[in-house]
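Chemist: After the sequence you'll find the predicted model.
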Amino acid sequence: MSAARSHRVLITIVLLLISPLTLAFTLDDLQKQLSEPAVVSGPFIQEKHLRALPQPLTSKGRFVLARDHGLLWLLQSPLRQDYRIDAQGIARRDPSGWQALPARSAGAEQNRLFFAVLQGDSSGLQRDFELALSGDAAHWQLRLTPRSLLLKQVFTRIDITGGRYVERIELSETQGDSTVLRMPESRGASALSDAERSDFAD
Amino acid sequence: MPTERLLPRLFAGLLLIMLAVAGWQWHRGAPLSADLMTLVPGATQDPLVKQAEQRMQEPLNRELLVLVGHSQREQAVALAQRLAGRWQASGLFEKVQWSLQTDLQALRSQLLQGRVAMLSTHDRQLLAEQPDAFVEQRLQSLFDPFAGFSLVASQDDWLGLTGRIQQSQPKPVNVQLDTASGALVAEADGQQWVLLRARTLGNAFDMHLPLQVADLLARARDDAGQQGARLLAASGLLHAAAGQQQASREITWVGGGATAGILLLLLLAFRRWRVLLAFVPVLVGMLFGSVVCVALFGQMHVMTLVLGSSLIGVAVDYPLHYLSKSWSLQPWRSWPAVRLTLPGLSLSLATSCIGYLALAFTPFPALTQIAAFSAAGLVGAYLSAVCLLPALLGNVELRPAQWPLRVAQWLTELRVGLLRRVPSAVLLALLVLFCAAGLWRLDSHNDVRQWVGSPPHLLEEAQAVARITGYQPTSQFYLVRGADPQQLLERLAALSEKLDELVDLGKLKGYMSLDRLVASPVEQTRTLQALDRLPGHWQALLAQGVPQTALLAELKQLHQLPIQSIDEVLAGPLGEAWRPLWLGQVDQGVAAIVSLQGLNDTALLRLQSEGLPGVQLVDRLGELNQLFAATQVSAAELKLLSCVLILVLLVLPFGLRGALRIVALPLLAALCSLALLGWLGQPLTLFSLFGLLLVTAIGVDYAILMHERVGGEAVSLLGTLLAALTTWLSFGLLALSSTPAVSNFGLAVSLGLAMSFILAPWAASREGAHS
C-alpha cells in the first residue's frame, strides 16, 4: 500500500494548497489561504507505520510545489532519488536526466485528477472523497472519506491538519497500516529559485 | 386422356408433401442463417484450428463495444450508467459492463498465491542474475511515492514480488480508470469517452438478435444526441444487422422487381389474366428449392435467398416455352403445346441443372447451397410447368398480341440484312478481335471482403473505436501446441521473444501469450532457487529496519506455495482477460492461442515464427484470399467439364455437328462477357467466373430453341427473346446489389445472357438458314 498511500498524500497536499474547494465558506477560505504563494517548499518526513514493525520506516527529503509548474519531490534519506510530477506525468531522475515513468492506469488517473484540480476543476476531489473541515485558519483539520467502492477498499480515511500551510497528513489504510507525512517548516515564495526552475525546465 | 388427368393429381400430391415438409421445417422459426463464415470454405480440417478460430471469433459475434462521449466526464459516466441499466433490463444481454468494481481482496490473494508462478520473465532474470539490483530496486520502491497502486501491504511481501507482478500485467493502451466511478475512460478529440461493454445472450447469427441490438443502439444514439453526447459502437453484431437489412432489401428488389416485370411481360404479350398462372412454376420452384436446401444443409443462408431470387427469371422460362408457341400454333391448347415442346423443355432442364450443379463442386459452401437450391427449384418449376400448369390453363385459348412477333420479325430481318452485307466469318473475326482486346484489359481481383458489403459508416466507427481505445484486434493469431504445459510454455516463450522483436520494431502493437502470465513449472522451481540465494544480498533491507525473521519467514512461506498450473492462474481475477487463450487438454497434449494487436505485416509474422516447433500462424483471411485465386482455375475446369457433359447430352438429339454448334455459341458468349467486363473496367472475380458457368448452361437453352426453330425463325426468336428478357431481368437486378460478390455475379450473368441471345440465331444449321 505504501506507494499508493504516499501518492495520495501528495495529491492531497496539492489539492489543499491550490484547489478552489467549493464547500462551505471555510473551505473557500482555506483554499485561498493555501493557494496564495506561487511556490511552497520545505522539508518532509514520511513515516510508514506497519503493524509488523516496531519502528516506522522513515524517509526524509525536500519538496517544492509550484502553482504553475508542478511538484518536485526530492528524497534524501535513506536513499537519494528525485521525482517530478507535471503535465507530462511522473518522471524520475537518473544520471542521464529525467526519465518519464510509464503511465499506469491508476497512476495516470491520479495524475489527471491532480492536474484537473490544478486547472481549477474542483469537482474531481469531491467525486472521490467526502470532505469535512473543522477548526479555524490557524488550526484546521480536514477529513477525507473515500466515496467510491474502489478507494474504500484501500483507505479508511485521510486526515490533514495545518495552519498557514499543510503540516501533517495521515492516511489510514483499510488493513490497519498508516502513513504519516509531516511538513513542519514549509515556506512560501513568490518565485522559483534558478535551480528549481531548471529542474522543471527539461 | 388418362395421363392428362393423372399427372396433375400426382403432382398435387407431391406438392402437398413438399408443403407439409416446408411447414415442418419452418414451424420453429425461419431456418435462415446470416453467418458469413459458413459461406466460405472451411480452410482447415484440423478440429483444433477450428476450435481456436471459433474462440477468436466468439467475442466479435457476441460483444458490443460502445464509447459514450461527452465533453464532461461526469455526464459521460452518468449516461453510460443509465444506458447500461436500460440494456441490462432489455433481456438481450448476458452482461452489460460499464464500471470496474474490482474485488481487491480476490486480487490480493491471487497476487500473494502467484508470487513465484506469475513473476515476469524480466523480473525472474533480474532476480537470478543481479540479486543486488533486485534488492536495491525493492528498497527504492519502499520509499517511492509514485510507484502507483501496490495492492499488497509491505509486510506481507517484503521482497516486493506482488508489486512487480502487478506492474508486468498488460496495461490498456489509452484507457484509464476513473477512480470515482470505476468507469474506464479514454480521452480523445476533446471528448471523454466512457467504455461500455455488452455481451449478448445469443450470437450474431441469430436472425433476430442483431436487428434488436441495432435498434437498441439507434435509440441510445438518439437519447445521447439529445444530451449533447455521442455514441460510437463496434461489433460484429452491427455488421450482421446491416447485412440482414441489406439482404432483405435486395430480396425485395430483385424478387419483387423480377416478379413485377415478368407479370407485366406476360400480360402484355398474351393479353389474358389467366396467363398469370404461368407464375405458379416459379412459386413451386422456390418451395422445392428451399425445402431441399434446408433438408440438405439444415438451414438456408440469406445470400442463397438473394442469389436464389434470380431463379424466378429462369423458372418462368418453362411455361414460356410452350406459351410462346401460341404465335405459331393456332388454335393453341395447353396439352398439345406441352407435348410439342416437351423434348426441348427436358433438354433445357438437363442443361441448366448441369450448369448449376457444376457450382456445387466448387469448394465454396455458399455456391453448393445455391446450386442445390437452384437445381431443386428448377426441377420443381419444370414438374409444375409440365404436370400442373397445362391443367390450370386447360380451357384457355391464347390469342397473343401481334406486336412482339413484329418486333421479332424486324430483328430477324435486321440480322439477315446485316449478314447480306457482312458475312458471318468476318463478324466472327471482328468478335474475336473484340474479345481479345477486352480480355487483354481484364484484371483479376479476389478478396474475401467482396462477400460483405459493410456500410462505410460502420467501418469508420469501428476504426474510431480502435483509435480511441487503442484496442486493435487482428484476425491473425498463433496456435501453439505442446506435449505438456511445460513444453507449451517453453514454446510460447520462444515465440514471445520473436514477437518482442516485432514490437520493438513497431511492426506489431502488442500480443497476449500465456507465458507472460504464468511461468512454467521448471521456471517456478528456478525462481525458488534464486530466492534462496537472496539472504546473501538483502543487507540493505535489514539496514532499514526490516527484520530478518520476517524475511526468512517470507522465504519459507514462498517455498510452501504449490507450483501453480495454467488453470489455477487463469481462475483468478488477473486471469480473466487471458482465459480465451487457453485451449487446454487436446488430443496429443495441450494448446494455447497467442492473440495479436495492431498488426501491419502478415508476411513478417510468418517469417518470424518460421522454424519454431509447435507454432502455427492461423491467417484465415489470407488463406481464403489464396484459395479464391486457386479456385479460379478449378472454376475454369468445371466450366469445360460442364460443357463436355452438355455436349454429350446434345449429341443424341442433334448429332455431333449440331451439338458442337449449340455448345460453341454460349461458350463464345461467355468469352464475350469476359471481354465486356474488361472493356467496362470491371475486375474478374471468382464470382464472375461462377456466373459464366451459369451462362453456358442457360445460353444452351436459347441455342436449342433457335436450332429447333419450331414455328419459324421469328417465332423461335420471340420465344428466345421472352426467355432471355425474364432471365435477364432477374440477374440484371442482382447486379445492383451492394454486396460486391453478388453484384459481380449478376453482372457477369446478365452480360453473358445478352451475348447468348445475340449469338443464338447462329445455332440454326446452315441448310436451315438458306431454306
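Modeler: Good, I have the coordinates. Numbering: from 1, shown residues only, chains lettered A, B, ... in the order given.
Chemist: May I ask you to confirm that B:Q597 belongs to a helix?
Modeler: No: counting by DSSP: H, G, I helix; E, B strand; the rest coil, one finds B:Q597 to be strand, located in no helix.
Chemist: Residues in a beta bridge with it, which ones?
Modeler: Beta-bridge partners recorded for B:Q597 (DSSP bridges): B:P473, B:G510.
Chemist: So what's the predicted local confidence for residue 40?
Modeler: You didn't pick a chain, so chain A it is. pLDDT recorded at A:V40 is 85.
Chemist: Not quite, go with chain B.
Modeler: At B:V40, pLDDT is 70.
Chemist: tell me the SS of the nearest residue to it once chain neighbours are set aside?
Modeler: Excluding the flanking residues, the one nearest B:V40 by C-beta to C-beta, 6 or more residues apart in numbering or on different chains is B:L624, at 5.6 Å. Where C-beta positions appear, they are placed from N, C-alpha and C, glycine not excepted. Three-state call for B:L624 (three-state DSSP): helix.
Chemist: I figured A:G135 hits A:D159, correct?
Modeler: No: judged on C-beta atoms under 8 Å, A:G135 makes no contact with A:D159 at a distance of 11.8 Å.
Chemist: Now do the contacts for the residue of the stretch 401-550 of chain B found nearest chain A.
Modeler: The minimum distance from the stretch 401-550 of chain B to chain A, using C-beta to the nearest C-beta, falls at B:G545 (5.1 Å). B:G545 makes contact with A:L53, A:Q55, A:L57, according to C-beta atoms under 8 Å, 6 or more residues apart in numbering or on different chains.
Chemist: For the last one, list each beta-bridge partner.
Modeler: What it means is A:L57. Bridge pairing for A:L57 - DSSP bridges - gives A:K48.
Chemist: can you list the weak-confidence ranges in the stretch 201-350 of chain B?
Modeler: For the stretch 201-350 of chain B, the stretches with pLDDT under 70 are B:204-207.
Chemist: now the strands: where do they sit in it?
Modeler: Assigned by DSSP state E, counting those that start in this stretch, the stretch 201-350 of chain B shows strands spanning B:230-234, B:300-301.
Chemist: closest one to chain A among those strands?
Modeler: strand B:230-234 (20.7 Å).
Chemist: neighbouring contacts of the closest one?
Modeler: In contact with strand B:230-234 (C-beta under 8 Å, 6+ apart) are residues B:64-70, B:191, B:193, B:217, B:220-221, B:224, B:461-462, B:464-466, B:468.
Chemist: Out of the residues you listed, which are close to chain A?
Modeler: Among those, no residue is within reach of chain A (C-beta under 8 Å from any C-beta of the partner chain).
Chemist: Among the residues you listed, which ones are in helices?
Modeler: In this view, those that belong to helices under DSSP state H are B:L217, B:A220, B:R221, B:A224, B:E461, B:A462, B:A464, B:V465, B:A466, B:I468.
Chemist: Name the nearest of the residues you listed relative to B:D504.
Modeler: Nearest to B:D504 among these, counting by C-beta to C-beta, is B:A466 at 21.9 Å.
Chemist: For chain A, give me the ranges with low pLDDT.
Modeler: A:1-26, A:87, A:102-125, A:127, A:202.
Chemist: could you pull out the helices for it?
Modeler: A:2-18, A:25-35, A:105-118, A:123-128, A:149-152, A:194-201.
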